[in-house]
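In: pasting the structure only:
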């Protein structure tokens with residue numbers, strides 16, 4: 001058991017905080033920012049996100065293999081690489097879950113006032129927040145505004161223009 005934990009902690013320690021993986025959700029009106037997360041928590045978040053991304057990639061490969069097999073035969077045997085991909089995916093999912101729990105635990109330890117909050121989160125700029133309960137209408141309006149802002153930002157980046165869209 002020690003070697004597994006030691007390997008996991010080494011893996012966390014070796015994570016680079018280089019800006020390629022960061023939270024992308026913006027702070028909402030219903031959020032209360034309590035601070036920024038530590039580098040230790042950032043590393044856990046980055047490793048977990050990397051694992052989630054790899055798992056999604058493997059899942060896509062599995063779907064493609066199954067789709068190709070179904071085109072050949074309506075009742076195909078499992079494709080040759082399917083079992084291998086299934087095992088890789090299972091390992092990643094098993095590893096991702098405790099990393100998620102560790103991440104939320106670290107945030108609560110860094111900001112003890114979060115222990116009694118019903119909902120906590122991580123936002124753009126590594127801001128740690130807790131969320132106030134909202135009415136459904138407020139959630140919908142805020143979500144639409146967030147989506148609009150993301151689309152606007154994307155369009156500005158694509159056009160290469162620094163001008164604001166009206």
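Out: Nice, I can see it. Keep in mind that this is a model prediction, so the values were computed, not measured. Residues are numbered from 1 along each chain as shown.

In: do a quick rundown of the strands in the chain.
Out: For the chain, applying DSSP state E gives strands covering 31-36, 120-123, 127-131.

In: could you check how far the residue positioned nearest the centre of the chain is from residue 150?
Out: Nearest to the geometric centre of the chain sits residue 49, at 4.7 Å (Cα atoms, centre = their mean). Using Cβ to Cβ, to the nearest Å, residue 49 is found at 18 Å from residue 150. Glycine gets a C-beta too; all of them are placed from N, C-alpha and C.

In: if we can go back for a sec, list the contacts of the nearest residue to the residue nearest to the centre of the chain once chain neighbours are set aside.
Out: Closest residue to residue 49 apart from its sequence neighbours, by Cβ to Cβ, 6 or more residues apart in numbering: residue 21 at 5.0 Å. For residue 21, the contact set (Cβ atoms under 8 Å, 6 or more residues apart in numbering) comprises 45-46, 49-50.

In: quick one: which of the residues you listed sit in helices?
Out: 45-46, 49-50 (DSSP state H).

In: quick one: which of the residues you listed is most hemmed in?
Out: residue 45 (24 neighbours; other Cβ atoms under 10 Å).

In: quick check: chain neighbours aside, which residue is closest to it?
Out: Closest to residue 45 by Cβ to Cβ, 6+ apart is residue 103, at 5.5 Å.

In: tell me, how many residues neighbour that neighbour?
Out: Residues near residue 103, counting by other Cβ under 10 Å: 22.

In: and it, what is it in contact with?
Out: 41, 44-45, 48.

In: give me the buried positions along stretch 99-114.
Out: Within stretch 99-114, the residues scored as buried using 16 or more other Cβ atoms under 10 Å are 99, 102-103, 106-108, 110-111, 114.

In: which of those residues lies closest to residue 33?
Out: Using Cβ to Cβ, residue 111 comes nearest to residue 33 of the buried residues of stretch 99-114, at 10.2 Å.

In: brilliant, that's me finished.
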